[in-house]
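Undergrad: build me a structure from this.
(one chain, ligands or ions: 1)
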Amino acid sequence: MERILIRGGRVIDPSQGLDDNIDILIEDGKIAAYNPTARGDERVIDARGKIVSPGLIDMHVHLREPGHEDDETIATGTRAAVAGGFTSIACCPNTDPPIDTPATVEFVRQKAARDGHCNVYVIACVSKDRKGEELAEIGQLVAVGAVAFSDDGAPVYDPELMRRAFEYCLMFDKPVCNHCEIPELTRNGVMHEGLVSLILGLPGIPAAAESVMVARDIALAEATGGRLHVMHVSTLGSVEAIRRAKARGVRVTAEVTPHHFTLTDESLRAFDSNFKMNPPLRSEEHVKACLEGLRDGTIDVIATDHAPHAKEKKMQELDRAPFGVVGLETALPLVIMRLIKPGILSWSEALAKLTINPARILGIPKGTLQIGADADVTVIDPDVRWMVEPEQLHSKSKNTPFAGWALEGRATVVIVGGVIKYQLGEQA
Ligand SMILES: NC(=O)N[C@@H](CC(=O)O)C(=O)O
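TA: Here you go, the predicted structure:
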């Protein structure tokens, strides 16, 4: 295996409180030494003017395989991941069939080991067939490597099922990741319910549809001692409830997506289905609350909710098009432009939400550049400017809300397990 020397970069590793100019040597797939004496046979990566981070982790990705390979595959989704700077991702179980049996978990893990460009961790279903009726075989799913549980795409609606999910997952110290949505409140909605939906005459999804279930789940986590992870937080009410729960010591963590901290419901004026996702883009006060939650630590994680949908599905009227947008390849520049450069988060705070925090929530040995750790490393050029051209994205689906945007910052070299998996400017 090639020895790699990353030279001259600013190394920021929140897991060790590290922010320093250090050369890093990679050997046998591991972080081998800091500031080593070069032997001369290393492949040198010039990281001057760049940030060197532990490989980024996205704990909310839809890879669509098995069942929806027209939208994405494990191969294309993980290729998009490394192109976006991610070395590990956790994939969601709303596939066809859903990932609710040990055989399906093993299928995804084996396929990812064969076709994947990065590490893939599996989030398995909370309920059998994702129907929300009967608990999946949590213990068996953990035994084959499931790292968390979720029925994402749908909420765990039945509170009794949710309570038992917390109790079972607690035995294995796994989080229940809920897509919080009260279906009776969102029915037929296509966008955030507010002034803009009123003006456009589009059916709305009220903020309470999310916040009410977040409050319920916090109460159930508190009652059981279970671990709640709130997926794609988008409302002020959710952020406030999570902040209060954390202050009381409830075991709750949360994520926000780049599109939710960057865009508002004003985008829907274009009637473009690339702005249709669940939860919907909210109004300014909710975006501000999400930013404040990120700033004060209420929100632990930035995750993309990368939700690819093929063109023929998305190119329909707003009410018929599926919910979801791709996000793996635009997340890092949006973090840099919206959070770091305006001073909402420091580099170290932002990278923590993309590395060690999701690693701890998922209980995976990743997100660190400690000596001896797996050599998953992302080299970032914080200033490189580029334009989002959907057809250039590596994801099989091109449903980005950021088409034509001029972005700043990008991963330039991405190393997974000591192997260079992506280099900006080089074709796959
Ligand atoms: N986030 C989305 O808009 N879509 C997700 C599922 C979901 O969470 O609704 C998808 O799988 O397409």
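Undergrad: and stretch 306-316, how far out from the chain's middle?
TA: Here stretch 306-316 is found 19 Å from its chain centre; the criterion is CA atoms, centre = their mean, to the nearest Å.
Undergrad: is any part of stretch 270-280 close to the ligand?
TA: Yes. Stretch 270-280 comes into contact with the ligand (CB under 6 Å from any ligand atom), by way of 277, 278. The way it works is simple: take the backbone N, C-alpha and C, and place the C-beta from them, glycine included.
Undergrad: and that stretch, what's buried?
TA: By 16 or more other CB atoms under 10 Å, the buried positions in stretch 270-280 come out as 273, 274, 275, 276, 277, 278, 279, 280.
Undergrad: repeat for stretch 136-148
TA: 136, 137, 138, 141, 142, 146, 147, 148.
Undergrad: just the element for the fourth one, please.
TA: What it means is residue 141. Here residue 141, judged by DSSP states H and E, is contained in helix 138-143.
Undergrad: so what touches that helix?
TA: 100, 101, 102, 105, 124, 149, 165, 168, 169, 171, 172, 174 (CB atoms under 8 Å, 6 or more residues apart in numbering).
Undergrad: so what's the residue in the stretch 51-200 of the chain that the ligand sits nearest to closest to, chain neighbours aside?
TA: Among the residues of the stretch 51-200 of the chain, residue 153 lies closest to the ligand, at 3.8 Å counting by CB to the nearest ligand atom. Spatial nearest neighbour of residue 153, chain neighbours left out: residue 94 (3.7 Å); criterion: CB to CB, 6 or more residues apart in numbering.
Undergrad: who are the contact partners of that neighbour?
TA: Shown in contact with residue 94 (CB under 8 Å, 6+ apart): 62, 130, 151, 152, 153, 154.
Undergrad: and what of residue 186?
TA: By CB under 8 Å, 6+ apart, residue 186 lies in contact with 205, 206, 209.
Undergrad: check what pLDDT the residue nearest to the first one when sequence neighbours are not counted gets.
TA: Excluding its sequence neighbours, the residue lying closest to residue 205 (CB to CB, 6+ apart) is residue 189, at 3.5 Å. As summarised for this prediction, residue 189 has a pLDDT of 98.
Undergrad: from the contacts of helix 138-143, list just the buried residues.
TA: 100, 101, 102, 105, 124, 149, 165, 168, 169, 174.
Undergrad: next up, phi/psi of the third one, please.
TA: Dihedral angles phi and psi of residue 102 (degrees, to the nearest 10) take the values phi -60, psi -40.
Undergrad: for the stretch 301-428 of the chain, which segments count as strands?
TA: 301-302, 377-387, 406-416, 419-423 (DSSP state E, counting those that start in this stretch).
Undergrad: deepest in the core, which of those is it.
TA: strand 301-302 (a mean of 29; mean count of other CB atoms under 10 Å).
Undergrad: what packs against that one?
TA: If you count contacts as 3 or more CB pairs under 8 Å, 6 or more residues apart in numbering; DSSP states H and E, strand 301-302 packs onto strand 252-256, helix 356-362.
Undergrad: given the shortest one, what are its sheet partners and their directions?
TA: In other words, strand 252-256. Sheet pairing of strand 252-256 (DSSP bridges) gives strand 228-230 (parallel), strand 301-302 (parallel).
Undergrad: for the record, mean pLDDT for it?
TA: Rounded mean pLDDT across strand 252-256 is 99.
Undergrad: now do the last one
TA: Looking at helix 356-362 alone, the average pLDDT works out to 99.
Undergrad: pretty sure residue 271 is touching residue 318, no?
TA: Yes. Using CB atoms under 8 Å, residue 271 makes contact with residue 318 at a distance of 6.0 Å.
Undergrad: mind listing what residue 238 touches?
TA: Shown in contact with residue 238 (CB under 8 Å, 6+ apart): 180, 210, 211, 214, 230, 254.
Undergrad: with residue 344 instead?
TA: By CB under 8 Å, 6+ apart, the residues touching residue 344 are 291, 294, 295, 338.
Undergrad: that's all I had, so thanks and see you.
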